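J.: What shape does this take:
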Amino acid sequence: HVRAYLEHRLPYIFRWEKVSIGSTARLYALLKLPDMPELRKRAKANGKRGKDWMTAFDFERRDVKTGSIKYADEKREAARLKRVEEEKKLRE
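T.: Residues are numbered from 1 along each chain as shown. Take a look at the predicted model:
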């Protein structure tokens, strides 16, 4: 969506500076904003830099631990738990 606005041939119709980043993120049901150079650049233009860049947009991050959501299917859940254990062992 971001690239479509930035690279469109008719920038006078599709104005990147008028896009509401927070509303667009909520439209796509994002839990957090992606770390994209285009968003960082726009935040910098609004005076937000460093770790504070996400506050430039009207968006509230959701702290949902997606790894704790279980599968309804028991086989898939067992496979997920096995994969989680393997990843823990690799990190140690």
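
J.: which intervals of the chain have sub-threshold pLDDT?
T.: Within the chain, not a single segment meets pLDDT under 70.

J.: Where is the longest helix in it?
T.: helix 74-91 (DSSP state H).

J.: quick one: it to chain centroid distance?
T.: 24 Å (Cα atoms, centre = their mean, to the nearest Å).

J.: any idea how far Gly22 lies from Lys32?
T.: To Lys32, Gly22 is 12 Å away according to Cβ to Cβ, to the nearest Å. Every C-beta, even on glycine, is put in place using the N, C-alpha and C of the backbone.

J.: What is the end-to-end distance of stretch 49-63?
T.: Using Cα to Cα, to the nearest Å, the end-to-end distance of stretch 49-63 comes to 22 Å.

J.: Quick one: residues in contact with it.
T.: With contacts defined as Cβ atoms under 8 Å, 6 or more residues apart in numbering, stretch 49-63 is touched by 20-23, 25-26, 31-33, 39-40, 42-44, 46-48.

J.: For PyMOL, write a command that selects the buried ones of the residues you listed.
T.: To isolate the buried ones among the contacts of stretch 49-63 in PyMOL, judged by 16 or more other Cβ atoms under 10 Å, type:
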select buried, resi 21+22+25+33+39+40+42+43+48
